[in-house]
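1. Here is the input, now give the coordinates:
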Amino acid sequence: MTNYKDAQELSKLTLGKPTDYCSEYNPDLLQAVPRSLNRNKLALTNETLPFIGEDVWYGYELSWLNMKGKPVVAVAEFRFPCTSGNIVESKSFKLYLNSFNQTKFNSIQDVTDKLTNDLSNTSGAETKVSLYPVDNCPALQISSKKAICIDDLDITIDNYNLNADILQPDVLDSEVSQENHDVIEETIVSHLLKSNCLITNQPDWASIYIEYKGLAINHEKILKYLISFRQHNEFHEQCVERIFCDLLKYNQLESLTVFTRYTRRGGLDINPYRSNISSSAPCCRTLRQ
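-> Residues are numbered from 1 along each chain as shown. Just a heads-up that it's a prediction; the model follows:
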């Protein structure tokens, strides 16, 4: 389902290749991945997106020098609109942030402006950047959303290949739907989501929050579906958009929000948020982050 893995647009990425680290500011290190590579497969364009939202990244290894040569450290929050033309490729992002290490800047505002300009140019849309002291950052507060955890369901799994048809309603589901037309509002969470990097095959671990209004979703089916991503290769943002589209396709929902908190790698964590009712991701952080 990821026939874009060998796309020409990905051939020049440093991801998966030996790379020298640069400690002098260099915006040319940033590399972009067109969102269209995955969205074409899902038959999505910016004009037909069934969701709004953003990708929220947190950087925990940002440092630079002040004009006297003294190091400064900060935690960074980056918010990319889901309508941007590109994803910022994560390895290039890490290399770019590393290039600040031995560079002098006049002020924290100067650093913020550089980050905002460079990331906006790479993503193709205005990026919001906020820098926080490491001991006073909203992103560091453990604040999980209230949700029903479905991980303790006693189910049998014998296939770990992505299969959206798991969500297909069966006869029993249809009978239940006919008997019970009650619309409910519910937030469920699973900490069992795992996928793999499209290029390197490295594992990506996540907690996923699904908030919806509509006819009740079968919890066993959605858990089996999420586990079927276990050997699936795709970027974080693309997995979340696929999940959002599949849930809309197979369930009768009035509203839907999918928010995924991935564990950090190399000082960055990526948190895609897709919704058809709200464009801004809430402050929420799990113990694994």
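2. show me where the stretch 151-289 of the chain has strands.
-> In the stretch 151-289 of the chain, the segments counted as strands under DSSP state E, counting those that start in this stretch are 184-196, 203-214, 253-262, 268-275.
3. Tabulate these (JSON lines), appending distance to residue 232.
-> To be clear about C-beta, it is placed using only N, CA and C from the backbone, and glycine gets the same treatment. Listed next are the strands of the stretch 151-289 of the chain as JSON lines, based on distance: least, Cβ to Cβ, whole Å:
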{"stretch": "strand 184-196", "distance to residue 232": "5"}
{"stretch": "strand 203-214", "distance to residue 232": "10"}
{"stretch": "strand 253-262", "distance to residue 232": "14"}
{"stretch": "strand 268-275", "distance to residue 232": "15"}
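4. any idea which of the ones you listed is most buried?
-> For the strands of the stretch 151-289 of the chain, the largest average neighbour count (mean count of other Cβ atoms under 10 Å) is found in strand 268-275, namely a mean of 24.
5. Let's test this: name the helix or strand in this protein with the lowest mean pLDDT.
-> Within the chain, no helix or strand scores below helix 171-179, which has a mean of 55 by mean pLDDT, DSSP states H and E.
6. Adding mean pLDDT, write the strands of the stretch 151-289 of the chain out as JSON lines.
-> Listed next are the strands of the stretch 151-289 of the chain as JSON lines, based on pLDDT from 0 to 100:
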{"stretch": "strand 184-196", "mean pLDDT": "96"}
{"stretch": "strand 203-214", "mean pLDDT": "96"}
{"stretch": "strand 253-262", "mean pLDDT": "96"}
{"stretch": "strand 268-275", "mean pLDDT": "96"}
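7. Point out the one among those that comes closest to residue 127.
-> Residue 127 lies closest to strand 268-275 among those, at 13.7 Å (Cβ to Cβ).
8. by how many degrees do the closest one and strand 203-214 diverge?
-> Relative orientation of strand 268-275 and strand 203-214, computed by axes from the mean of the first three to the mean of the last three Cα atoms, to 10 degrees: 20 degrees.
9. Could you tell me the average pLDDT over stretch 104-121, please?
-> In this model, stretch 104-121 has a mean pLDDT of 98.
10. Touching it from outside, list them.
-> With contacts defined as Cβ atoms under 8 Å, 6 or more residues apart in numbering, stretch 104-121 is touched by 25, 27, 30, 64-67, 69, 72, 74, 76, 78, 80, 88, 96, 100, 126-131.
11. from the chain's centre, how far out does stretch 268-284 sit?
-> 8 Å (Cα atoms, centre = their mean, to the nearest Å).
12. for stretch 58-71, same thing?
-> Using Cα atoms, centre = their mean, the offset of stretch 58-71 from its chain centre is 26 Å.
13. how about the CA coordinates for that stretch, as PDB?
-> C-alpha atoms of stretch 58-71 as PDB (Å, rounded to 0.1, in the frame of the first residue of the first chain):
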ATOM      1  CA  TYR A  58       8.700  19.000  20.000                       C
ATOM      2  CA  GLY A  59      12.500  19.400  19.900                       C
ATOM      3  CA  TYR A  60      14.400  18.500  23.100                       C
ATOM      4  CA  GLU A  61      18.000  19.000  22.000                       C
ATOM      5  CA  LEU A  62      18.000  22.600  20.700                       C
ATOM      6  CA  SER A  63      21.000  24.700  21.700                       C
ATOM      7  CA  TRP A  64      23.000  27.700  20.400                       C
ATOM      8  CA  LEU A  65      25.500  30.300  21.600                       C
ATOM      9  CA  ASN A  66      24.800  33.900  22.700                       C
ATOM     10  CA  MET A  67      27.000  36.700  21.500                       C
ATOM     11  CA  LYS A  68      29.500  36.100  24.300                       C
ATOM     12  CA  GLY A  69      29.800  32.400  23.300                       C
ATOM     13  CA  LYS A  70      27.800  31.100  26.300                       C
ATOM     14  CA  PRO A  71      25.500  28.100  25.400                       C
END
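14. contacting residues around it?
-> 72-78, 97-98, 100-106, 111, 131, 139, 264, 266-269, 271, 289.
15. which residues touch residue 129?
-> 76, 77, 78, 79, 112, 115, 116, 119.
16. who wins for proximity to residue 54 among the strands of the stretch 151-289 of the chain?
-> Comparing the strands of the stretch 151-289 of the chain by Cβ to Cβ, strand 268-275 comes nearest, at 5.6 Å.
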